[in-house]
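J.: Here's my sequence, what's the structure:
(chains A and B)
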Amino acid sequence: MLEILLYIQVGICIFPLYAIIKGPSLADRMVALDILGVLVTGICIKLIIITDQLFMIDIVYAWIILSFISILTLAKYLENKKLND
Amino acid sequence: MTEIISTIFIAIGTLANLISCIGLVRLPDLYNRLQASTKSVTLGICSMLVGVLIKYGFIGIGIKALIAIPLIFFTATVSAHALAKGAYYFGIKPGKKTVRDDYEDAYNK
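T.: Numbering: from 1, shown residues only, chains lettered A, B, ... in the order given. Alright, predicted model coming up:
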């Protein structure tokens, strides 16, 4: 059962990848990148229970904080840029 | 018994993630997309962490999973807010069906 849920979780990562390719502007791509980072966290959480490797919760923490910092940096970059430059 | 309950929680989280990803592709506007996807992805991850807590109980990893819930709750919302503000300054207008734009006054000041 959990393996099937893991496959679903990996499969729905297709949607943000498609949005990154399609997105008309830079900001759309950043939104999709934000969502993709959180979905990878979900993959790690499922791998905790399936493989029974308890250290993987630390990877979840590191991934949350890295995703947060990178998205904040990209948002600050986006503020100082204009659409038609 | 605990395994069944934790599997149910993880299934709920996966369903929320699936719904939010469909919203990410289907919705017309950037702000709609940001709101729909960020909220329900955060809900899904919180539900999965509750599933981990129920599976292992209140020993080390369960406590860590419990502490990760407010962490992801605050970081996801703050990053979404920063992204929305950055997108507004970048010059992306809300869609045609948006009836009210309160942020415009603060932006033009």
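J.: Can you check what pLDDT the model gives residue A:56?
T.: We have a pLDDT of 87 for residue A:56.
J.: ok, it touching residue A:41?
T.: No: the criterion here is CB atoms under 8 Å, and residue A:56 misses it with residue A:41 at 10.7 Å. The way it works is simple: take the backbone N, C-alpha and C, and place the C-beta from them, glycine included.
J.: and the two? which has more neighbours close in?
T.: In terms of neighbours (other CB atoms under 10 Å in any protein chain shown), residue A:41 is the more surrounded of residue A:56 and residue A:41; the figures are 22 against 17.
J.: Quick check: which ranges of chain B have low pLDDT?
T.: Residues of chain B that meet the criterion pLDDT under 70 lie in B:109.
J.: And the helices in it?
T.: Here chain B has its helices, by DSSP state H, at B:2-26, B:30-56, B:60-90, B:103-108.
J.: Now render the ones you listed as TSV, adding mean neighbour count and distance to residue A:60.
T.: What follows is these, written out as TSV (neighbours: other CB atoms under 10 Å in any protein chain shown; distance: least, CB to CB, whole Å):
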stretch	mean neighbour count	distance to residue A:60
helix B:2-26	18	13
helix B:30-56	22	8
helix B:60-90	18	6
helix B:103-108	10	33
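J.: Now tabulate these in JSON lines and tack on distance to chain A.
T.: Conversion of those to JSON lines gives the following (distance: least, CB to the nearest CB, whole Å):
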{"stretch": "helix B:2-26", "distance to chain A": "4"}
{"stretch": "helix B:30-56", "distance to chain A": "5"}
{"stretch": "helix B:60-90", "distance to chain A": "4"}
{"stretch": "helix B:103-108", "distance to chain A": "11"}
